[in-house]
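Asks: when you get a sec, could you give me coordinates for this:
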Amino acid sequence: MNMALNLAGLSTLGLAAAFWVVAVRQMNGMDMGVATRLGSFEVFVALWVSMMAAMMLPGAVPAVLRRAHAGGVRAVPLFVGSYLAVWTLVGGAVYALYRPHGSVAAGALVIAAGVYEFTRLKQNCRRRCSESVRSGFTFGLYCVGSSLGLMLMLVALGVMSITWMSLITVLVLAQKLLPPRPAIDVPLAIAILGLGVLIVVAPSWIPGLTPAM
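Replies: Okay, the predicted model is just below:
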């Protein structure tokens, strides 16, 4: 049983690593900061799924292991697939709402992301992300709620930016694996708020935010 659980965890991490390679190759040369364009719906969704698998699967490993322990290894593919399906739906919403924008809009969205870190919805969803659930879809909804502010930052600052994607991945992973701690969480939220203000007042200080003329 332990070997099967280890295999499920390693397979999830291996899948995430493979999608990192795919996403980085697909995103190469596409980052234009706040002026990034998404291209066709089909191309964007394919890239978005690769990005979400790369970013979100490492933090989902504990949930995958819990599901494998409760329902067997055969339950893992459906759990992971339905989890990624939730993030695919989020990608559809991003495509429908996203427009190339300016630094003021980007800063305002980052400020909103910082405010979201303080909300009860964020805190409740983050807590539920660490609990056992039978459905990957339900787990995905909780994780979207937990990571919504951080993902808003990615979309605002450079949805095709490998740098921002990497940074947001680290933050998402830390929040999924570590218990909430005000000594860490509050300074992070304040830092996000400060970043948003800095983007509004001095966008030139943020490398890659606007395309070079």
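Asks: can we go C-alpha only for contacts and neighbour counts from here?
Replies: Will do.
Asks: just checking, next helix/strand downstream of the helix ranked longest in the chain?
Replies: If you go by DSSP state H, the chain has its longest helix at helix 41-71. Per DSSP states H and E, helix 41-71 leads on to helix 76-97 as the next helix or strand towards the C-terminus.
Asks: and the contacts of that following helix?
Replies: By Cα atoms under 8 Å, 6 or more residues apart in numbering, the residues outside helix 76-97 that reach it are 8, 38, 41, 44-45, 48-49, 52-53, 64, 67-68, 134-141, 144.
Asks: derive a PyMOL selection command for the buried subset of these.
Replies: The PyMOL selection below is limited to those of the contacts of helix 76-97 classed as buried (16 or more other Cα atoms under 10 Å):
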select buried, resi 8+38+44+45+48+49+52+53+64+67+68+134+136+137+138+139+140+141+144
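Asks: centroid residue for this protein?
Replies: The chain has Met151 as the residue nearest its centroid, 5.0 Å off, counting by Cα atoms, centre = their mean.
Asks: wait, that one touches Ile168, no?
Replies: Yes. At 7.3 Å, Met151 and Ile168 qualify as touching, with contact defined as Cα atoms under 8 Å.
Asks: circling back: okay, and the residue nearest to the centre of the chain sits in which element?
Replies: helix 136-158.
Asks: and the longest helix of the chain, what does it pack against?
Replies: Judged by 3 or more Cα pairs under 8 Å, 6 or more residues apart in numbering; DSSP states H and E, the packing partners of helix 41-71 are helix 2-27, helix 76-97, helix 162-177.
Asks: same for the shortest one, what does it pack against?
Replies: Secondary structure elements in contact with helix 162-177, counted by 3+ Cα pairs under 8 Å, 6+ apart, are helix 41-71, helix 120-129, helix 136-158.
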